[in-house]
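Novice: the sequence and its predicted three-dimensional model are supplied below.
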Amino acid sequence: MKSFAKPLSVLLILAALILLGWLLLSMLPMGFSTDLSVIGTGEPAVVLVHDHNYVESVDLMDQLGQVRDRHPDAMHYLVADLNTPRGERFAEQYDVDAVTLVLFDRHGNTVARSAGRKSATEVEAWLSDHLPPF
């Protein structure tokens with residue numbers, strides 16, 4: 001019986017690690033680029049300052065995703081993930097926290113910032129107000 005205990009323990013640990021890896025990957029921003037170097041390259045960009053530990057941040061990502069699905073070519077849709085050094089630097093540079101949208105014009109100038117939870121309709125209206133025609 002003991003001869004099966006060690007291999008079984010190893011298999012259970014391996015299965016738990018695979019499950020944990022899958023969960024962590026599923027929490028990453030899906031469908032959003034984290035390449036902030038595209039800001040100011042001739043196309044407007046909106047950056048979600050994101051922390052997957054905040055329900056509001058995950059919700060805002062979902063709302064922005066709905067806007068992106070309706071207007072895929074309108075601008076770059078980007079994420080500054082606060083759980084990465086690059087995301088932390090972005091937040092420090094623009095003095096913003098999680099659950100914040102930062103809008104840039106095509107030259108990379110900051111156009112507007114908006115903090116807090118919003119519906120997809122509110123995000124769309126905010127973008128339209130600051131970057132017509134949207």
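Specialist: Done, it's in. Just so it is clear, the model here is predicted, and its values are computed rather than measured.
Novice: ok, residue 103 touching residue 46?
Specialist: Yes - counting by CB atoms under 8 Å, residue 103 touches residue 46, with 5.1 Å between them. No exception for glycine: its C-beta is placed from N, CA and C like everyone else's.
Novice: so the two - more neighbours on which side?
Specialist: Legend: neighbour count by other CB atoms under 10 Å for residue 103 and residue 46, higher for residue 46 (26 against 20).
Novice: list the contacts for the more buried one?
Specialist: Listed by CB atoms under 8 Å, 6 or more residues apart in numbering, the contact partners of residue 46 are 64, 75-78, 101-104, 127.
Novice: how about residue 65?
Specialist: By CB under 8 Å, 6+ apart, the residues touching residue 65 are 31-32, 77.
Novice: how near is the residue nearest the centre of the chain to residue 7?
Specialist: Taking CA atoms, centre = their mean as the criterion, residue 79 is the residue nearest the geometric centre of the chain, at 3.7 Å. Distance of residue 79 to residue 7, computed by CB to CB, to the nearest Å: 41 Å.
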